[in-house]
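> structure here, sequence nowhere to be found:
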């Protein structure tokens with residue numbers, strides 16, 4: 001039998017290390033950079049600490065002895081390492097909140113130690129709906145309380161998903177976090193969903209209170225949006241509050257429009273709740289129509305049509321707050337002496353559902369229409 005020995009550890013150095021607090025002796029395990037006797041990268045997982053952390057200068061430097069695990073019993077193959085350390089700092093989560101009534105967001109409010117703030121490459125990461133984003137601390141603005149506010153946009157239909165937040169320094173070493181009572185937050189990150197937030201808000205106020213009603217309506221809207229987009233298979237159900245809404249509640253929000261003009265074949269309205277809430281006016285033209293000959297105005301301002309297909313276009317109103325879903329908009333389009341005009345709002349889409357029997361009788365559609373209505377009304381009641 002021939003035994004082939006793996007190449008021995010030939011050199012090792014420490015990339016970086018940080019102590020967790022000033023004067024403390026608890027440090028983040030160092031990152032080793034190692035080479036074997038052939039000049040190749042050595043598997044650092046096979047490096048072991050022979051002697052533990054030894055504080056040689058309080059909070060300034062450490063030395064340890066490490067070895068290749070295959071030569072643990074041969075002191076001649078040990079490596080003594082000394083390196084300077086830095087304070088890793090701390091992030092304190094003061095609170096988490098949401099911009100209910102506006103675009104849905106979760107806001108994480110932190111105080112940060114000076115060494116974190118002074119690190120121009122320190123960054124937060126947040127993972128939501130399968131995607132991770134990095135946000136530099138230096139790019140975050142502070143609020144009136146001097147808190148650093150990390151804002152994470154929430155997709156209404158995915159409001160049940162957790163947001164996970166972590167903080168790293170410029171060397172990609174994770175910075176510990178704690179809550180405002182000093183309790184450590186697990187290294188796996190701080191997690192909360194919009195549903196967690198609105199559930200807690202609803203419990204904090206009695207039924208009939210504007211904040212309770214807004215919390216319930218927000219959750220119902222998100223559940224209904226998820227079910228609507230998933231064709232009713234998302235598995236969550238709205239609260240009984242939606243049962244109080246009737247078709248007559250939409251009377252003032254029905255879309256009004258004039259007769260179609262030359263070249264214009266159809267006009268439809270939709271409400272997009274996949275990301276930010278958007279109102280979309282969809283226009284279909286006859287084949288061969290020269291769109292450049294039309295003048296289009298939205299709320300009195302000239303706009304261009306966005307092409308979505310061979311003969312289809314749209315005009316969108318994006319970032320619609322909950323409290324703005326009932327606000328009326330006017331779209332006018334002219335060619336020569338002809339004019340097409342329509343007045344609509346976000347609730348016009350809900351009204352169209354409730355006024356069409358085949359849709360109103362479908363619980364997925366009617367729940368969405370009713371939830372949108374209550375979402376708007378509760379936001380208006382809370383903020384306007």
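Thanks, I have the structure now. Bear in mind that the values here come from a model prediction, so they are computed numbers and not experimental data.

> in terms of helices and strands, where is residue 102?
Assigned by DSSP states H and E, residue 102 belongs to no helix or strand.

> that one contacts residue 325, correct?
No. Residue 102 is beyond contact range of residue 325, at 11.8 Å (criterion: C-beta atoms under 8 Å). From N, CA and C alone the C-beta is placed, and that goes for glycine too.

> which one's more surrounded, the two?
residue 325 (25 against 16; other C-beta atoms under 10 Å).

> which non-adjacent residue is nearest the more buried one?
Distance criterion C-beta to C-beta, 6 or more residues apart in numbering; nearest residue to residue 325, sequence neighbours excluded, is residue 346 at 3.5 Å.

> how about the contacts made by that neighbour?
271, 277, 279, 320, 324, 325, 326, 327, 372, 376 (C-beta atoms under 8 Å, 6 or more residues apart in numbering).

> looking at those, which are in helices?
372, 376 (DSSP state H).

> show me the contacts of residue 346 that map onto strands.
If you go by DSSP state E, those have 271, 279 in strands.

> what separation do you get for the residue nearest to residue 325 and residue 181?
41 Å (C-beta to C-beta, to the nearest Å).

> quick one: which of the contacts of residue 346 is most hemmed in?
residue 372 (30 neighbours).

> list the contacts for that one?
Applying C-beta under 8 Å, 6+ apart, we find residue 372 in contact with 221, 224, 271, 325, 346, 347, 349, 350.

> just read off the phi/psi values of residue 118.
phi -80, psi -10 (degrees, to the nearest 10).

> residue 207: neighbouring residues, count only.
Other residues lying near residue 207 total 9 when counted by other C-beta under 10 Å.

> ugh, typo on my part, it should be residue 191
Counted with other C-beta under 10 Å, residue 191 comes out at 13.

> touching, it and residue 161? I think so.
No. The pair residue 191 and residue 161 fails to qualify as a contact (C-beta under 8 Å) at a distance of 10.1 Å.

> how does the chain divide up, domain by domain?
9-87, 91-195, 243-383 (automatic domain parsing).

> in TSV: the contacts of residue 372, plus secondary structure.
Below are these laid out as TSV (DSSP: H, G, I helix; E, B strand; the rest coil):
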residue	secondary structure
221	helix
224	helix
271	strand
325	coil
346	helix
347	helix
349	helix
350	helix
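
> so what pLDDT did residue 203 get?
On pLDDT, residue 203 comes in at 96.

> same question for residue 347.
pLDDT at residue 347 comes out at 97.

> which residues sit against stretch 134-147?
By C-beta under 8 Å, 6+ apart, stretch 134-147 touches 94, 109-112, 116-117, 119-126, 148-150, 167.

> from these, list just the buried residues.
Buried subset of the contacts of stretch 134-147 (neighbour count, 16 or more other C-beta atoms under 10 Å): 94, 109-112, 116, 119, 122-126, 148-150, 167.

> between the residues you listed, which is nearest residue 316?
Among these, residue 126 lies closest to residue 316 (C-beta to C-beta), at 26.6 Å.

> list the residues that contact that closest one.
Neighbours of residue 126 in contact, by C-beta under 8 Å, 6+ apart: 132, 133, 135, 150, 152, 163, 164, 165, 166.

> so the first one, which state does it fall into?
So that's residue 132. Residue 132 ends up strand, using three-state DSSP.

> residue 124 is in contact with that one, correct?
No. Using C-beta under 8 Å, residue 132 makes no contact with residue 124, being 10.7 Å away.

> what about residue 173, how many residues close to it?
Residue 173: 18 neighbours (other C-beta under 10 Å).

> also the one 3 residues further on?
Residue 176 has 18 neighbouring residues, counting by other C-beta under 10 Å.

> doesn't residue 92 make contact with it?
No. Applying C-beta under 8 Å as the test, residue 176 and residue 92 come out as separate, 10.0 Å apart.

> which stretches in the stretch 151-300 of the chain count as helices?
194-204, 210-229 (DSSP state H, counting those that start in this stretch).

> highest average neighbour count across those helices?
Mean neighbour count, computed with mean count of other C-beta atoms under 10 Å, is highest for helix 210-229 among the helices of the stretch 151-300 of the chain, reaching a mean of 24.

> what angle separates it from helix 194-204?
150 degrees (axes from the mean of the first three to the mean of the last three C-alpha atoms, to 10 degrees).

> what about helix 210-229, distance to the chain center?
With C-alpha atoms, centre = their mean, to the nearest Å as the basis, helix 210-229 stands 17 Å off its chain's centre.

> and it, what does it pack onto?
With contacts defined as 3 or more C-beta pairs under 8 Å, 6 or more residues apart in numbering; DSSP states H and E, helix 210-229 has these neighbours: helix 194-204, helix 363-383.

> reformat these as CSV; add distance to residue 315.
As requested, the helices and strands packed on helix 210-229 are exported to CSV (distance: least, C-beta to C-beta, whole Å):
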stretch, distance to residue 315
helix 194-204, 29
helix 363-383, 20
